[in-house]
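# Turn this into a structure:
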Amino acid sequence: MSLTVHTSAPDFTAPTDSGTSVSLSDYKGKRVVLYFYPKDNTSGCTQQACDFRDNMERLTSKGVTVIGVSPDNVKSHLKFKQNFDLNFVLVSDEDKSICTQYGVWVEKSMYGRKYMGVERTTFIFDEQGTITHVFPKVKVPGHVEAVISALG
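Numbers count the residues shown, from 1 in each chain. Here you go, the predicted structure:
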């Protein structure tokens with residue numbers, strides 16, 4: 001299932017890097033940037049997270065909360081967050097249920113080998129939880145700038 005603009009964001013409840021649980025519905029009334037990435041502590045994912053971190057003031061000035069999601073476990077997220085001084089919540093989706101719900105758990109191919117993985121994707125939601133923007137198959141360089149631009 002692929003989510004599109006003007007549809008409601010599916011709610012979820014999942015553990016975070018801090019060991020607490022978070023629900024998307026906790027952010028009703030706020031704009032949210034929800035980004036899915038494949039793996040903690042890998043080059044592209046680290047660059048993307050650091051780009052969000054480095055632009056957090058610009059993002060929060062637009063009234064948004066940033067949440068990152070990957071299939072990594074809470075311990076991995078905590079280490080990733082500490083290693084790079086990340087200033088936003090990381091959600092653990094070990095069973096890939098959130099990734100599946102959002103249509104980002106897909107068959108990928110590398111060097112002719114097929115495997116399942118996260119397709120790097122970013123969603124922006126308005127205060128009512130409606131999707132206003134979808135960035136599929138994200139390329140990391142320039143992505144955060146595109147998100148900030150889309151926020152107006």
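
# got a list of what the closest residue to residue 13 other than its chain neighbours touches?
In space, residue 13 comes closest to residue 23 once its chain neighbours are excluded; the distance is 4.3 Å by CB to CB, 6 or more residues apart in numbering. C-beta: built from backbone N, CA, C; applies to glycine. By CB atoms under 8 Å, 6 or more residues apart in numbering, the contact set of residue 23 is 11, 12, 13.

# Closest one to residue 93 out of those residues, please.
residue 12 (8.2 Å; CB to CB).

# ok, back up a step: TSV please, covering the contacts of residue 23 and showing neighbour count and secondary structure.
As requested, the contacts of residue 23 are exported to TSV (neighbours: other CB atoms under 10 Å; DSSP: H, G, I helix; E, B strand; the rest coil):
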residue	neighbour count	secondary structure
11	14	coil
12	18	coil
13	12	strand
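
# Neighbours of the closest residue in space to residue 106 that isn't next to it in sequence, how many?
With sequence-adjacent residues excluded and distances taken as CB to CB, 6+ apart, residue 106 is closest to residue 119, at 4.8 Å. Close neighbours of residue 119, defined as other CB atoms under 10 Å, add up to 18.

# re the thing from before, with distance to residue 106 and pLDDT added, can I get the contacts of residue 23 in a markdown table?
Formatted as a markdown table, the entries for those read as follows, by distance: CB to CB, whole Å; pLDDT from 0 to 100:
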| residue | distance to residue 106 | pLDDT |
| --- | --- | --- |
| 11 | 22 | 95 |
| 12 | 18 | 96 |
| 13 | 23 | 96 |
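
# Serialize those residues to JSON lines and add fields for distance to residue 146.
Compiled in JSON lines, the contacts of residue 23 are given as follows (distance: CB to CB, whole Å):
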{"residue": "11", "distance to residue 146": "26"}
{"residue": "12", "distance to residue 146": "25"}
{"residue": "13", "distance to residue 146": "29"}
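
# What ranges in the protein fall below the confidence cut-off?
In the prediction, the chain carries residues with pLDDT under 70 at positions 1-2.

# Chain neighbours aside, what residue packs nearest to the most centrally placed residue in it?
In the chain, the centroid-proximal residue (CA atoms, centre = their mean) is residue 35; its distance is 1.8 Å. In space, not counting the residues next to it along the chain, residue 35 is nearest to residue 122; the distance is 4.2 Å by CB to CB, 6+ apart.
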